[in-house]
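Asker: Just the structure for this:
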Amino acid sequence: MIFDLVFKYNFKWLKQLLSVIIFVALTACGGEGTPDLAFSDDENQSDTSGEDNSGGDTSEPDTSEPDTSGTEPTTDSSSDNMAPVLENQNLSVSEDAVLTITLGALIDEDGDTIVYSVSESVHTQPSSEENQIIFQSSTVGNELLIVTADDGVNDPVEAAISIVVAPADGNIYYLSTMGDDDNDGEANGLSWASFEHAWTVMQPGDTLIVADGIYAETLSPTVSGAEGYPITIIAENRGEAIIEKSEDGSAISILSSVSKTLSYITIDGFIARSKGENSAIVVGSTDNIAEEFMSNHITIRNTGAFGSADQTNTVVVAIARTRDSLFEDMWAYGYGRKAVQLYGSTRITVRRMIARYDYWDGAGYKPNDPRIGFAIYNTEDGIYENILVLDNAPDPVGRSSASKAGFAIEGNLSSTATILGSKGNSWYGSIALGNAGSGLYSSGVSTGTNDDNRIENFVSWDNENGMIIHANMDNNEIVSATLGSNRIMGLRINNDNVYNTLFEKMFVTDNDSFPFFIAGQGGYYGVDTIFQNNTATENGMGSDIEPSLAPGLEYLVKPSMIEGSERGAVILNRYQGGVLTDEALWPWPNEDLIQQHMCNEDDLINAHRVAANGDGWEPQWCASEKTLTEYIWEFLGNTIPADIYP
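Answerer: As a prediction, this is how the structure comes out:
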C-alpha cells in the first residue's frame, strides 16, 4: 500500500505519513513524546529564525486515507511515461569522409523502444544500428537534418543536426560574437571576433565556422581559394548567423578588380540584411572588366537576403560581371528595384531561388523603370533551375512602372559591361505566381538581342500577362508551359523583330483575354515563328485550340496529361546542370526558415506589404499561413497529396 502511494501522491504528504507511522511505532514500544525527526518542505529547507526547532513539527498530521478508486497507477501510462530525449547536434566533417551519427538511445528510461526517422538527404544512408545513420558528402557547405524520435506512447519529438562539411585539406577556424582576435581561432572557445582578422590568416582550403549571433561587419573576403581548395565560410547553424548592418553598407560583398580577382569562395547558411542604398548581397567586379578578371567560382548557398535600397538603381541580390558561379537554395525580398539581377555575367547557375519584389520608390533614379522579381540583363550562357517568383507588389503611389514582371530577360546598350544582350540562357522548372505584372517579359534592342534562349517547364499563373515577348529575339524556344488565370492574356508577341521562335506543348487556359496574341507595330514580327502542339481552352477571347487534348489540372505543378499529347509544365523534380533528376523538388528546401523571414510581420510592415495598403500588397502566400509547398500545391483548391511530406 505504501509503495502504491509513493507513485500517486506528492512528497510532502509522504513525509507526513512517515512521521505518523514512526510516531505510532514508538508509542507502541513505550516511547514518550514525538520522535526526534524533522522534515522540511523544499521551499523551507533552511531555518534562519534562530529558534530551536529540533523537536520537529508537533501539529497533528492529516492521516486520512486518500481516494484511489479508479486511479490505480501504472508505470506505462502516457501520463507517467516520459517522451524521448532528443538533442540538437552541431557536427563537422571533412568532405568525402564517412561520419557515423548516433541519433539517440535505442531504449528510453521507460523501457520503450525508440524509432527514428531522418529528413531525406542524398548524403545519408542507414546504419546497421537502428539508432545511427551514415553521412558522407563531397559538397562543401552546411547540411541540416531533422531527426524525429517516436516511442509509440508520446507525441514524436524532433531535433536538428547541423553538419558542416569542410574541405579535406585545410584548417578549420571559428568566429563568434564573443570571440577575440588575439585567440588562435582553432576552437569554439578560442574563436575570433572579426572577419577582417580571419582574412589575414586563412589560406586556400581553410574553413571559417561562424557561431549564432548578429554581426554588423560586412562579410567581404579579401583572400581567394584555389581550384579544389576554396575559402569556405559557413554558419554553424543555418540561418542563425545574421549579417545585419548598423551603418550603410551591404551585408555580403565580393568585389573584384583587374588588380585583384576574387575566386573560389563558398558562403553557406547566412541571413544578409543591408542598410541604406545598398544591395544585401553583391557579387561582382568593376565596370567593363575583361572576363578573365571577373569574380569567379563563387558559391553562395542556403542564404536569405533582405534589401534596403529605396531610392537608387539597386537590387536586393546583385550579381554583376561575374562568371562560373553558383547561387543555390536562396531567397531575396525587401527593398530594391529588383529582388535578383544578373548583369554582364556569364555561365552563372541559379538553383532553387525564391524572389519577391516588395518596394522601391525610385525617386533618386528613374521612378517608373521596371520592377522585377528575377532578371537577367546582358547575361549569357546561364542556367536557372527551379526558380520561384511570387507575390511581387504593385507600384507605389504615384509610380507607374513599365514592364514590371516576375521574370525578365533584358538586353540593352551598356557602358558598364562587355556583354550585350542576353543569349544562350536556359530556364527549367520555374514558376511565376500571383505577381503584379507579367509572369515573364523579354525585350532586347537591335544591338543587344536576346537570342538562343530556352524556357522549359514554366508556369505563369495569376499574373497580369502570362508572357510578353517584346522585341529583338532570334532562335528561342519556349516548351512545356502552363499559362493560366492571368488578368489579361496568355502569350503576347508585342513588337517586332521576333524571329525563329518555337512555342510548343503549351497549355493556355482561363486567361481574361486571348490565349495567344501577335501585335506588330511596323517592321518584321513573328517571322518563322512556329506554334505547334499547343492547347488553349476557356479563355475570355479567341477560339479554343485542340481542347480535347487539354490536361486535367488538379495541381499547378502536376497536370494529368494525355499520353503522346503532353501539354503544359510538370515541376516535380529538381534540375541539376540543365538535367532533370530523380530527386523530388518538394517539400521545398529550407521552407520553414524561408517562411520565418519572408513572412516576418516586422519585415512585411517595414516594406509596406500589408493588406491595409490595398489589393496586392499583402503577399498571398504569407496570408495563407501555409508552408510554401502547401501553398503551391493547394493553389487550385485541392488538398496536397499525402506523399509530398514523407
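Asker: for Asn465, what are its contacts?
Answerer: With contact set as Cβ atoms under 8 Å, 6 or more residues apart in numbering, Asn465 has these partners: Ser438, Gly439, Asn486, Arg487, Ile488, Met489, Gly490, Leu491, Arg492. Yep, even glycine has a C-beta here, placed from its N, CA and C like the rest.
Asker: counting contacts, what elements does the one helix or strand Gln595 maps to pack onto?
Answerer: Taking DSSP states H and E as the definition, Gln595 sits inside helix 591-598. Applying 3 or more Cβ pairs under 8 Å, 6 or more residues apart in numbering; DSSP states H and E, we find helix 591-598 packed against strand 295-308, strand 322-335, helix 620-624, helix 628-633.
Asker: now the nearest residue in space to Pro84 that is not next to it in sequence: how far from Asp592?
Answerer: In space, and not counting its chain neighbours, Pro84 is closest to Ala149: 4.1 Å by Cβ to Cβ, 6 or more residues apart in numbering. Noted for Ala149: a distance of 19 Å to Asp592, by Cβ to Cβ, to the nearest Å.
Asker: More neighbours: which of the two?
Answerer: A count of neighbours by other Cβ atoms under 10 Å puts Ala149 above the other of Ala149 and Asp592, at 22 against 12.
Asker: Tell me the secondary structure at that one.
Answerer: strand (DSSP: H, G, I helix; E, B strand; the rest coil).
Asker: is it in a bridge, and if so with what?
Answerer: On the basis of DSSP bridges, Ala149 is bridged to Tyr116, Val157.
Asker: With Ile455 instead?
Answerer: Trp427, Ile478.
Asker: hmm, back to that, quick check: the residue nearest to Pro84 touching Val118?
Answerer: No - the pair Ala149 / Val118 is not scored as a contact, 10.4 Å apart, by Cβ atoms under 8 Å.
Asker: can you list residues touching both of the two?
Answerer: Leu103.
Asker: picking that back up, of all the contacts of Asn465, the one with the weakest confidence?
Answerer: By pLDDT, Arg492 ranks lowest within those, coming in at 91.
Asker: With adjacent residues omitted, what lies nearest to Ile254?
Answerer: Nearest to Ile254 is Val283, by Cβ to Cβ, 6+ apart, at 4.7 Å.
Asker: Mind pulling the model confidence for that neighbour?
Answerer: Confidence score, pLDDT, at Val283: 98.
Asker: Please identify the helix or strand for it.
Answerer: With DSSP H and E as the test, Val283 turns up in strand 281-285.
Asker: List the neighbouring strands of that strand plus their orientation.
Answerer: Sheet pairing for strand 281-285, using DSSP bridges, gives strand 252-256 (parallel), strand 317-320 (parallel).
Asker: Burial-wise, tell me which of these comes out on top.
Answerer: Of all these, strand 317-320 carries the top mean neighbour count, a mean of 28, counting by mean count of other Cβ atoms under 10 Å.
Asker: Quick one: residues contacting the residue nearest to Ser220 when sequence neighbours are not counted.
Answerer: Distance criterion Cβ to Cβ, 6+ apart; nearest residue to Ser220, sequence neighbours excluded, is Ser253 at 4.3 Å. Ser253 sits next to Thr218, Leu219, Ser220, Ile281, Val282, Val283 when contact means Cβ under 8 Å, 6+ apart.
Asker: Asp425 contacts Ile409, correct?
Answerer: Just to correct that, residue 425 is Asn rather than Asp. Yes - assessed by Cβ under 8 Å, Asn425 is found in contact with Ile409 at 7.2 Å.
Asker: With neighbour numbers in mind, choose between these two.
Answerer: Ile409 (26 against 23).
Asker: Low-confidence regions, the stretch 251-400 of the chain specifically.
Answerer: Nowhere does the stretch 251-400 of the chain drop to pLDDT under 70.
Asker: quick one: Tyr174 is in a strand?
Answerer: Yes - counting by three-state DSSP, Tyr174 is located in a strand.
Asker: Against Leu413, how distant is it?
Answerer: Taking Cβ to Cβ, one finds Tyr174 at 48 Å from Leu413.
Asker: Looking at the two, which one has more neighbours?
Answerer: Using other Cβ under 10 Å as the criterion, Tyr174 and Leu413 rank with Tyr174 on top: 22 against 11.
Asker: measure the more buried one to Asp206 for me?
Answerer: Relative to Asp206, and taking Cβ to Cβ, Tyr174 is found at 12 Å.
Asker: And for Lys626?
Answerer: Taking Cβ to Cβ, one finds Lys626 at 42 Å from Asp206.
Asker: what about these two, which has more around it?
Answerer: It is Asp206, of Lys626 and Asp206, that has more neighbours when counted by other Cβ under 10 Å, with 22 against 16.
Asker: Output the lowest mean pLDDT helix or strand found in the chain.
Answerer: For the chain, counting by mean pLDDT, DSSP states H and E, helix 2-8 ranks last in confidence among helices and strands (a mean of 35).
Asker: To what extent is the nearest residue to Asp184 once chain neighbours are set aside buried, counted in neighbours?
Answerer: In this structure, Asp184 finds its nearest non-sequential neighbour in Leu190, 5.6 Å apart by Cβ to Cβ, 6+ apart. Neighbour count for Leu190, taken as other Cβ under 10 Å: 15.
Asker: so who does Leu190 touch?
Answerer: Tyr174, Asn183, Asp184.
Asker: Show the pLDDT at it.
Answerer: So Leu190 comes in at 95 (pLDDT).
Asker: try the one 10 residues further on
Answerer: Model confidence at Thr200, given as pLDDT, is 97.
Asker: Does it belong to a helix, a strand or coil?
Answerer: helix.
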